[in-house]
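**Student:** What shape does this take:
(chains A and B)
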2 protein chains.
Amino acid sequence: MINYFSSKFKLGVLGGGQLGKMLLSETQKYDIYTSILDGAKDAPCAQICNEFHQGSLMDFDTVYNFGKKVDVLTIEIEHVNIEALLKLEKEGLEIYPQPSVLQIIQHKGRQKDFFVKNGIPTSPHKRFSSLAALKKEALSFPFVWKSAQFGYDGTGVKIVKNENDLNSLTNTDCIIEELIPFKNELAVIVARNKNGEIKTYPVVEMEFHPEANQVEYVICPARISDDVAKKAKDIALNVAESFKHIGLLAVELFQTENDDILVNEVAPRTHNSGHYSIEASYTSQFEQHLRSILNLPLGNTASKVAGIMVNLVGEEGFSGDVVYENMEEILKMDGVTPHIYGKKQTHPFRKMGHVTVVNNNLDEARKIAEKVKNTIRVISK
Amino acid sequence: MINYFSSKFKLGVLGGGQLGKMLLSETQKYDIYTSILDGAKDAPCAQICNEFHQGSLMDFDTVYNFGKKVDVLTIEIEHVNIEALLKLEKEGLEIYPQPSVLQIIQHKGRQKDFFVKNGIPTSPHKRFSSLAALKKEALSFPFVWKSAQFGYDGTGVKIVKNENDLNSLTNTDCIIEELIPFKNELAVIVARNKNGEIKTYPVVEMEFHPEANQVEYVICPARISDDVAKKAKDIALNVAESFKHIGLLAVELFQTENDDILVNEVAPRTHNSGHYSIEASYTSQFEQHLRSILNLPLGNTASKVAGIMVNLVGEEGFSGDVVYENMEEILKMDGVTPHIYGKKQTHPFRKMGHVTVVNNNLDEARKIAEKVKNTIRVISK
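**Tutor:** Next comes the predicted model:
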């Protein structure tokens, strides 16, 4: 085995946002020297990694030159220069997830085609190279429109109800999908290492705000039957095996009215739906990502206690130096841990942090999560 | 409340060793800007804090000047220049634990006198200003000799069995204590904030190697009766209240043959006996220390699961660049988390890290801890 710990081994990470920051907790715990590349000088990771480089993740030379100076390369965001990664890999660098997998996943058209080709259940879709091409099609409304690339946190996704809605779409490479009515939005995180050892985390459930149609809570375990949970895990395992993915793969799923499970999309990295694991699981998703990309044995994915995550996003109407109002109130509540990502400026809906609530009892955790949600406010001075 | 999070607030920490490093995990989680002073350029905290200053913790000017640039000051080691702290406090700086408490605790003679004065049960002791003064006394053997200052991890403590043993003692300010036969060595960590809110962690037990007389495992919860546990917690609470201590206080205790509880000594900070809490507790001792010194509400001190800590110390016969042999083997075991402190050089008995084993079942955790102990080796290349 390579000596990763307190050694000259250097792990490179493309991206220095909150996912990178939470990964650093684990590299620090293992004392693995970590070098990070990010476009922003004040990225959340900038001051707390061993080595920080500022530069564009989409620039061939920047990514290539960064990669030449590390021993293993990973990502915390999938929008990176793939050509540079392919060249680095050809020259012998270990990169996980593999560039070929990233190449498929970072394009929603290729991702959906991959699902179809590998018999992975997903809603029917069509690909278009532009908005003009889409408009030429005989369309049946409503449908889901997705920008093929660079969508993030709901940007680049729209429900198109009629001809008129077409005018609000960006003119870009896109896919459209049948709109499937679903009971639940679920997610399963799969970890797989180079040896082929593979494990899933428990199925989690996204609970939506009854009116705003926004995810309010990520709940682990999902409040679903064992049968549905098993189906969801089996499908997630199948997706990871089909990709021969190395690293963490977050598989977002729909549970339909008939309890069918459809894959919505995947993210080839640690994921918002796994943040609960830092407090609730035997092995946090960030430690598990490290274990999988370094070909170490995978840790126990079971939970010690029930966990619910509440996102902290900037409140509408506030922009500027962030203030977390009523932090003291939520710290009084049982089993509450805030994670502040370190972005100094808030603006409406910006992801600024999250709060995890853990409890032996899921219903109790759910009540506390609601109190947290109704108490803390992310505003500006 | 002061806005600590993603703000201009600056926390200063005297000491940048492993305790500081584990504290940084928490300041990063809360995005609290942290500045650290340590004598060693390559201290475990050096590369991962917001601001690092190299300088002696015992030097008045160094500590004073460092303190002038922070908003709240804390320690991760008690051997610091107290005069500088007293002056900083007089000039308005908040310092926790309070310099007056540190002053008592950092001197074992004053510490024992404080226990006696406050009716805290402890073994009978006498103070001496030098070895010569001690030798003039009519002594009854055996007894425990302790250097009054700068003892650490068992250095500065000796069991003196006869006149001859006196020659192995250092000529220094010291105390001697009656040697009390005990069944168990226990510890209780108490957290107390400025508001006076106070909480104890569960009682933990040190399990010793049957021959080597060295602590092998720290076990939470201790395998003792509820009555003994209650007595231990009440005494620990009493110690913290007597000091009006702000921050974390680790209270080391003896359980005598008659189930009396005696205070051995205290440490005014996070402590080796609380490392299990990172994985096992609702609130880790490091987060709790932050909460207490920043006058935030204290977190739940209960455990999610049973926890056992195994220290990783440098193996005898090895000095030089460290290698953690068989890390892969221990990572295969259930609920095992290694913490590598980041010291690049090992030497015999140097504290290099620790491993936590968590499990729903304490006996199972104990078995795994023994496997860990017998598997991992801290050696050099």
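**Student:** CA atoms for contacts and neighbours, from now on please.
**Tutor:** Fine.
**Student:** Run through the neighbouring helices and strands of the helix or strand hosting residue A:85.
**Tutor:** Taking DSSP states H and E as the definition, residue A:85 sits inside helix A:82-90. Judged by 3 or more C-alpha pairs under 8 Å, 6 or more residues apart in numbering or on different chains; DSSP states H and E, the packing partners of helix A:82-90 are helix A:60-67, helix A:99-105.
**Student:** Please put the alpha-carbon coordinates of the longest one into PDB.
**Tutor:** Spelled out, that is helix A:60-67. Output in PDB follows, covering the C-alpha atoms of helix A:60-67 (Å, rounded to 0.1, in the frame of the first residue of the first chain):
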ATOM      1  CA  PHE A  60      -6.700  23.200 -20.100                       C
ATOM      2  CA  ASP A  61      -3.200  24.500 -19.100                       C
ATOM      3  CA  THR A  62      -4.200  25.400 -15.600                       C
ATOM      4  CA  VAL A  63      -5.700  22.000 -14.900                       C
ATOM      5  CA  TYR A  64      -3.000  20.100 -16.700                       C
ATOM      6  CA  ASN A  65      -0.200  21.900 -14.900                       C
ATOM      7  CA  PHE A  66      -1.900  21.500 -11.500                       C
ATOM      8  CA  GLY A  67      -2.300  17.800 -12.200                       C
END
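**Student:** Each with direction, which strands does whatever helix or strand comes next after it pair with?
**Tutor:** Next helix or strand after helix A:60-67 toward the C-terminus (DSSP H and E): strand A:72-75. Strands adjacent to strand A:72-75 in the sheet, as given by DSSP bridges, are strand A:10-14 (parallel), strand A:94-95 (parallel).
**Student:** Out of those, which gets nearest to residue A:277?
**Tutor:** Residue A:277 lies closest to strand A:10-14 among the strands paired with strand A:72-75, at 21.0 Å (C-alpha to C-alpha).
**Student:** Averaged pLDDT, the closest one. What do you get?
**Tutor:** Throughout strand A:10-14, pLDDT has a mean value of 98.
**Student:** where's residue A:204 relative to chain B, distance?
**Tutor:** 20 Å (C-alpha to the nearest C-alpha, to the nearest Å).
**Student:** Can you list the residue ranges for strands in the stretch 201-350 of chain A?
**Tutor:** With DSSP state E, counting those that start in this stretch, the ranges of strands along the stretch 201-350 of chain A come out as A:204-208, A:215-220, A:247-256, A:261-267, A:306-313, A:320-325, A:336-340, A:345-346.
**Student:** picking up where we left off before, can you redo the helices and strands packed on helix A:82-90 as TSV, where the extra columns are distance to residue A:326, mean pLDDT and mean neighbour count?
**Tutor:** Output for the helices and strands packed on helix A:82-90, formatted as TSV (distance: least, C-alpha to C-alpha, whole Å; pLDDT from 0 to 100; neighbours: other C-alpha atoms under 10 Å in any protein chain shown):
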stretch	distance to residue A:326	mean pLDDT	mean neighbour count
helix A:60-67	41	98	19
helix A:99-105	39	97	19
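**Student:** mind putting the strands paired with strand A:72-75 in a markdown table, mean neighbour count included?
**Tutor:** Output for these, formatted as a markdown table (neighbours: other C-alpha atoms under 10 Å in any protein chain shown):
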| stretch | mean neighbour count |
| --- | --- |
| strand A:10-14 | 23 |
| strand A:94-95 | 21 |
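**Student:** Same list (those) but as JSON lines, adding distance to residue B:347.
**Tutor:** Shown next, in JSON lines, are the strands paired with strand A:72-75 (distance: least, C-alpha to C-alpha, whole Å):
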{"stretch": "strand A:10-14", "distance to residue B:347": "24"}
{"stretch": "strand A:94-95", "distance to residue B:347": "33"}
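**Student:** Indicate the residue of the stretch 51-200 of chain A located nearest to chain B.
**Tutor:** Closest contact between the stretch 51-200 of chain A and chain B, by C-alpha to the nearest C-alpha, is at residue A:51 (8.4 Å).
**Student:** and that residue, how many residues sit next to it?
**Tutor:** 17 (other C-alpha atoms under 10 Å in any protein chain shown).
**Student:** Ok, the one 4 residues further on next?
**Tutor:** Residue A:55 is flanked by 19 other residues according to other C-alpha under 10 Å.
**Student:** That one and residue A:98: what is the separation?
**Tutor:** Distance, residue A:55 to residue A:98, using C-alpha to C-alpha, to the nearest Å: 22 Å.
**Student:** any low-confidence regions in chain A?
**Tutor:** A:1, A:151-154, A:212-213 (pLDDT under 70).
**Student:** Domain map for it?
**Tutor:** Residue ranges for each domain of chain A read A:10-95, A:124-178, A:182-380, as given by automatic domain parsing.
**Student:** thought residue A:103 was touching residue A:84?
**Tutor:** No: with contact defined as C-alpha atoms under 8 Å, residue A:103 does not count as touching residue A:84 (11.7 Å).
**Student:** What count of nearby residues applies to whatever residue of chain A ends up closest to chain B?
**Tutor:** Closest contact between chain A and chain B, by C-alpha to the nearest C-alpha, is at residue A:48 (4.2 Å). Number of residues near residue A:48 (other C-alpha under 10 Å) recorded here: 24.
**Student:** How about the contacts made by it?
**Tutor:** Going by C-alpha atoms under 8 Å, 6 or more residues apart in numbering or on different chains, residue A:48 touches A:24, B:47, B:48, B:49, B:50.
**Student:** Who wins on neighbours among these?
**Tutor:** So for the contacts of residue A:48 (other C-alpha under 10 Å), the most neighbours sit at residue A:24, 30 neighbours.
**Student:** Assign it to one of the three secondary structure states.
**Tutor:** Under DSSP: H, G, I helix; E, B strand; the rest coil, residue A:24 falls in the helix class.
**Student:** In three-state terms, label the nearest residue to it once chain neighbours are set aside for me.
**Tutor:** Spatial nearest neighbour of residue A:24, chain neighbours left out: residue A:49 (6.8 Å); criterion: C-alpha to C-alpha, 6 or more residues apart in numbering or on different chains. Secondary structure assignment for residue A:49 (three-state DSSP): coil.
**Student:** Residue A:49 contacts residue A:34, doesn't it?
**Tutor:** Yes: counting by C-alpha under 8 Å, residue A:34 is a contact partner of residue A:49 at 6.0 Å.
**Student:** shared neighbours of the two, anything?
**Tutor:** Common neighbours of residue A:49 and residue A:34, using C-alpha under 8 Å, 6+ apart, are residue A:24.
**Student:** Bridged to residue A:52, which residues?
**Tutor:** Here residue A:52, judged by DSSP bridges, has bridge partners residue A:36.
**Student:** So it sits against residue A:33, correct?
**Tutor:** No: with contact defined as C-alpha under 8 Å, residue A:52 does not reach residue A:33; the gap is 11.4 Å.
**Student:** the more surrounded of these two?
**Tutor:** residue A:33 (23 against 20).
**Student:** No further questions, thank you.
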